[in-house]
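A.B. asks: All I have is the shape, not the residue letters:
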């Protein structure tokens, strides 16, 4: 029975790993398509990100003369980190065998590791935009990262565990209770999600206007397969963040580990949730305006304070 | 007990003697400086390794004692090696092994007489730190403490021709002594007026002080050791002394000497004082949080690479103090499992900081030799000229930023777990304080990553910025070995937390009465309480990331092509770019300065738009220096000028004073 459970667990883990890496560009395509619809454009279609990736992989890479090995390795590190992050968040089944290796604090660490590497790579060539992007990215993240950690803390305190499977299990099995602390945490999480995935109002993923770009400024010097990996990693990151949101706030429908039959239902539920979240993201992006870069710390400071407030409320009310 | 009858204490004592001898040899061998650098320093390094090994051995043994037939009448010198001292000896030996090896290469080009003296002070400094850890009476402790302070003062002022360095050294000496006085007073309070024999630590352990007096002793110790550690507002010497000292000395001071202060606080709080108060913990926690945020904020705006690291040390000391504060709080409320957890985090972080900060400081030494610059604004692109230093320092940078799977992350993880497990303390105010404290810790950790991206990015990446040497050379072989050792230490401490925590249990058992007991989770998983609650496995983590990277690289290579062209940087098609368009150190720190503006005292001078040779000048200073230290200095000067009214240098006046004093005294008799 134990061996059976383990085999199933590994199977689920593999299944989810492959699913996320295949689905991630689709999610990006879906968000872009929704945005196009909301803006009365016909859009490039759901599959456009795949086409872009294919095109990029076929091109010859162009590297600046003074690019160091750090610059060439970073896309792989980035991709590895983001894939890992997306693979360990329980979204289709609870008991993924890999999850004890990295809990929520380590998950925040994975994101930080990727961010530090991409910022360093951005500074490597020594262009004006590269260091500008790196500086802004670190500026945004030094508030977003602790806010995310506080969101995780709130849910960890409720479920008495920092392991995502246990957090998810607590939230799925309990009868539906509205935790006031989680409401604050949820609000903070949305802001963090927008900021960390280079979305409006903090950053604009579809512009190369020098005054506003953050993420795009960092990856300007990448081309071909390196750029493809960076873009794919960005999609994975968006998927990972939305998965965190699903796992923490709406985990319903997830499969138990020894329940083989629940898997199709779990995957369907996941797809519906991802589609809704992507559409929601597009709506948010359509209705919000990009803010000045120095308003971003205030915006993220709000997220940080909201998350801390959520934590305090948990300590005060015990809920 | 060992069959031969050799105790760990004997070995450490022998090594201390060896260090002293090596120092004296250095003085004798002034005329052959190459022997000092290539024989004496490596020998000192091997001795350091022996200290670390002995420490590891002594962790599991009972405390061993020795009484030396020297010292004061009725108070011979007492030595004792218990697990707490053993742990800090491991830290001392492990980190100084790398630094000494590095020094063998670093001081190669130094002149004979300076080098001889430096060799003596260097080994005296090491011996002093080891004796601080071994001392078992107040007299021995103070002698060792002063040896450490004075030898490090002379090391800081190695380049005493430079007025600024003399000034920095004086500031260091002054604060070190204000601190030493407080420590002495603290021992005086704990001794409790029972005669000179009661100055032994054993007597202090037995003396059960009333709450008031033990609080006084704690506060004095916190002040005294805080002055050495760089606790706010006694931190001002750190950013002055560290840049002034030669890099290996900065590494020893920041990596190890600051930890002796942490050792002192732990020794006094958990060993010498038998009962703690909860508000001590709150005080330590609050001071630690302020220090941590302050340190990292100031680190973000520095342009001098060693000043930046000095401020980052202040931050880390703050984190350590937070750990100590938490430990006190949990211990007072009888939550010994949590106390063990936060103490483990504190000790672990001490060890980590010793390794990564020493690594980064000696790395700046190599950069300084290669470029002749401390100002990051004139560096850039060094990764292409100094690949060894660049790669090894990247390990240090990732470790200090608290990123998995390196060592900084493990201690941060443990500390955050301690916060997460804390609810349920009987004091509701503390319950409120703890989430806020956790938030501040998270903020400090995220800012540390900002600082380190700036540090590494500006120094090693990008294009060379200006007047630094065109072809900087990489570090020599000794320097590489030293850097390698310390970065290996960072990696090993990051990958083997289970083993380290098991060893730390021996220390926490002595101090707070129980260990973490990680055994249930197996050798692969670090699980401080229960594997259901929290676990972390750096090995699996690393293998997974590396595996995915490898598979991706192979897949990309296999399915597509590996074609690569080199061309000029694109930079959005902007044609006239040059190296001056990159961020400078000031530029990279500008957002932090802007966000936290009220905390800095900013002076800046902007050129007018029509200036043909525009010059920008900006300074961010520490408000505390102006608000606290300068007034104290003015008051002291005023008092001394009043006192000087009495002094004229004429002998008959002084005789008159004596006469007046006698008359006044007669009136009392």
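C.D. replies: Looks like it came in fine. The structure displayed is predicted, hence computed values, not measured ones.

A.B. asks: tell me the pLDDT at residue A:213?
C.D. replies: pLDDT, residue A:213: 82.

A.B. asks: would you say it is within a strand?
C.D. replies: No. Remark: residue A:213 does not belong to a strand; assigned using DSSP: H, G, I helix; E, B strand; the rest coil, it is coil.

A.B. asks: and it, how many neighbours does it have?
C.D. replies: Using other CB atoms under 10 Å in any protein chain shown, residue A:213 is surrounded by 24 other residues. Backbone N, C-alpha and C define where each C-beta goes, glycine included.

A.B. asks: Distance check, the residue in the stretch 251-400 of chain B positioned nearest to chain A against residue A:308.
C.D. replies: Closest residue of the stretch 251-400 of chain B to chain A, CB to the nearest CB: residue B:383 (4.9 Å). Separation of residue B:383 from residue A:308 (CB to CB, to the nearest Å): 38 Å.

A.B. asks: next one: residue B:418
C.D. replies: 18 Å.

A.B. asks: Same question for residue B:637.
C.D. replies: Going from residue B:637 to residue A:308 by CB to CB gives 45 Å.

A.B. asks: Counting neighbours, go ahead and name the busier of the two.
C.D. replies: The neighbour comparison of residue B:637 against residue A:308 (other CB under 10 Å) goes to residue A:308, with 25 against 10.

A.B. asks: what sits against residue A:52?
C.D. replies: Neighbouring residues of residue A:52 by CB atoms under 8 Å, 6 or more residues apart in numbering or on different chains: A:228, A:231.

A.B. asks: what comes up buried for the helix or strand harbouring it?
C.D. replies: Element membership for residue A:52 (DSSP states H and E) is helix A:48-58. For helix A:48-58, a neighbour-count test (16 or more other CB atoms under 10 Å in any protein chain shown) marks A:49-50, A:52-53, A:56-57 as buried.

A.B. asks: Quick one: distance of that helix to the chain centre.
C.D. replies: On the basis of CA atoms, centre = their mean, to the nearest Å, helix A:48-58 is displaced by 21 Å from the centre of the chain it belongs to.

A.B. asks: Stretch B:164-184 now?
C.D. replies: What separates the centre of stretch B:164-184 from the centre of its chain is 16 Å, taken as CA atoms, centre = their mean.

A.B. asks: How about stretch B:60-80?
C.D. replies: For stretch B:60-80, the distance to the chain centre is 28 Å (CA atoms, centre = their mean).

A.B. asks: which residues sit against it?
C.D. replies: By CB under 8 Å, 6+ apart, stretch B:60-80 touches B:7-10, B:13, B:58, B:81-83, B:134-137, B:139-140, B:195-197, B:199-202, B:506.

A.B. asks: In helices, which of these appear?
C.D. replies: B:8-10, B:13, B:58, B:83, B:134, B:139-140, B:201-202, B:506 (DSSP state H).

A.B. asks: And the furthest pair within those?
C.D. replies: Farthest apart among the ones in helices among the contacts of stretch B:60-80 by CB to CB are B:139 and B:506. That separation is 28.4 Å.

A.B. asks: same for the longest helix belonging to chain A, what does it pack against?
C.D. replies: The longest helix of chain A (DSSP H) is helix A:2-38. Applying 3 or more CB pairs under 8 Å, 6 or more residues apart in numbering or on different chains; DSSP states H and E, one finds that helix A:2-38 contacts helix A:48-58, helix A:69-88, helix A:224-249, helix A:262-287.

A.B. asks: Return the angle between stretch directions for that helix and helix A:262-287.
C.D. replies: 30 degrees (axes from the mean of the first three to the mean of the last three CA atoms, to 10 degrees).

A.B. asks: List the buried residues for helix A:2-38?
C.D. replies: A:8-9, A:12-13, A:16-17, A:19-21, A:23-35.

A.B. asks: that older thread, okay if I get the ones in helices among the contacts of stretch B:60-80 as a markdown table plus neighbour count?
C.D. replies: As requested, the ones in helices among the contacts of stretch B:60-80 are arranged in a markdown table below (neighbours: other CB atoms under 10 Å in any protein chain shown):
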| residue | neighbour count |
| --- | --- |
| B:8 | 24 |
| B:9 | 22 |
| B:10 | 14 |
| B:13 | 19 |
| B:58 | 25 |
| B:83 | 23 |
| B:134 | 25 |
| B:139 | 19 |
| B:140 | 26 |
| B:201 | 21 |
| B:202 | 14 |
| B:506 | 18 |
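
A.B. asks: Good, we can wrap up now.
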